[in-house]
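Asks: sequence and predicted structure are below.
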Amino acid sequence: MKDTFNRRHSRWYERLIFSELFYLVAGLVVATVPPAFIRWGTASYELIRTSEVHFNTFVACGFAFFGVFLILRRFKNYPGAHTLSYILPSVAISYLLVVAVLFMTREGYARSVLLASFALTNLWCFVGFYLSRRYRTPKLALVPFGRTLDLTAGDEAVLNLLDTPALEGRRYDAVVADLHSDDLPPEWERFLARCVLARIPVYNTRQVQESLSGRVRVNHLSENEFGALLPSPVYDFCKRVMDIALVLLTVPVWLPVMLITGVIIKLESPGPMFFIQERIGQGSRAFKVYKLRSMCKDSEKDGAQFAAANDMRVTRVGRVIRKTRIDELPQFINVLKGEMSLIGPRPEQKTFVERFEKEIPFYTYRHVVKPGITGWAQVVHGYAANADDTRVKIEHDFYYIKHFSLWLDILIIFRTIRTILTGFGAR
């Protein structure tokens, strides 16, 4: 019986690996062979073998698709990233990076072939998305003990609660159990051991809960993938370098927009162009944050308060720049000064920080990284209007700190662009 169990479920695992390899290999063929054949015809093989330009183009198409495969595969690890909206930006970034390398190395290439490869890669990814959505939505078997009972279903996965310690011939992508529960009977422990032997992944409830919700509960601190509470210092340094480079490279774009908007603000209502306020940043250190003024003068003369929906203190220009996030542009100055990053938890006012430190466990932990202009909590949850909303946003902040990485930052950039276009979370 055990051998039959192992053989049956091992085949599921092998099919999963095979589908990933097929998607990669077939995608590489689609992204390289048809574009070359369309442009160069039956002489494609000979031209690629003998001509440097043709060879460079063929290899560039392959590398570009492999980059797309890596980006989309990593995005699958994060909740809410299983949507069509991330395919085109991912493909565009990968192909632009390849073109940038070719440009900097002054290597010749055929633009028409790269464009055809770009179009076919998008088509392949869209087809793969629809097939995956139809046939590859993860099916998780839940062991009915401990915190596993608190899991709720969503678009990310199909959850089935087991009645007995057996899968009864049904296909599951993984088994979820509260591995720290004292209520787990011996027969269920043996069942989990058989699942592992059968190459069926067994996940702890906390890990799955975080993956489905994009939040880390605030009643405990959770280590990152390296087993530490401190985010990667190597990526922290690289992130700082990228922040400075991106801000300086985009000065010709954001500086004129900021100054023109500032003049319009001055013309519409009395008061300064900038709104300067003390916030708490990395290491719980206070700093002055800069924003374009979106409210009437002396809007907080009675003390700090949350912005409400349809807040009467917001000016007409203020409503526009808040919705489009133009009011955040002066914070690029904070980034250059090293007080903020482009991506990270939003910095809070000192009054709120002192209050939340008393009400929310481990609130101070969010100050382990630099605050950001945009962040995971902003693009997933939106604006926090009260203490309860803030508690949820803190859980998103903890998730960001735990998964502090380039891939998550790229995903946040994509979602930030969508947020700007839709006005999600603006007040």
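Replies: Perfect, thanks for sending it.

Asks: hang on, residue 175 in a strand?
Replies: Yes - counting by DSSP: H, G, I helix; E, B strand; the rest coil, residue 175 is part of a strand.

Asks: confidence score at it?
Replies: We have a pLDDT of 88 for residue 175.

Asks: list the contacts for it?
Replies: For residue 175, the contact set (CB atoms under 8 Å, 6 or more residues apart in numbering) comprises 140-143, 192, 195, 200-203. C-betas here are computed from N, CA, C, even on glycine.

Asks: okay, and which of those map to helices?
Replies: Secondary structure from DSSP state H places 192, 195 of those in helices.

Asks: make a PyMOL selection of whichever of the contacts of residue 175 turn out to be buried.
Replies: Here is the PyMOL command that selects the buried residues among the contacts of residue 175 (16 or more other CB atoms under 10 Å):
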select buried, resi 140+141+142+143+192+195+200+202
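
Asks: right, and the secondary structure at residue 277 would be what?
Replies: Under three-state DSSP, residue 277 falls in the strand class.

Asks: list the beta-bridge partners for it.
Replies: Taking DSSP bridges as the rule, residue 277 bridges to residue 289.

Asks: residues contacting residue 138?
Replies: 156-158, 173-174.

Asks: in TSV: the contacts of residue 175, plus pLDDT and distance to residue 98.
Replies: Formatted as TSV, the contacts of residue 175 follow (pLDDT from 0 to 100; distance: CB to CB, whole Å):
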residue	pLDDT	distance to residue 98
140	86	37
141	87	41
142	90	43
143	89	45
192	88	44
195	84	41
200	80	38
201	82	34
202	86	39
203	86	35
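
Asks: re earlier: filter the contacts of residue 138 to the buried ones?
Replies: For the contacts of residue 138, a burial check counting by 16+ other CB under 10 Å picks out 156-157, 173.

Asks: which of the residues you listed sits closest to residue 256?
Replies: Checking those against residue 256 with CB to CB, the nearest one is residue 156 at 41.7 Å.

Asks: correct me if wrong: the closest one contacts residue 211.
Replies: Yes - counting by CB atoms under 8 Å, residue 156 does reach residue 211; the two are 7.5 Å apart.

Asks: so who does residue 150 touch?
Replies: For residue 150, the residues meeting the contact criterion (CB under 8 Å, 6+ apart) are 205, 209.

Asks: for residue 108, that is, sorry about that
Replies: Each residue near residue 108 by CB under 8 Å, 6+ apart is listed here: 52-53, 56.

Asks: neighbour-wise, which one of these leads?
Replies: With neighbours taken as other CB atoms under 10 Å, the top of these is residue 56, carrying 17 neighbours.
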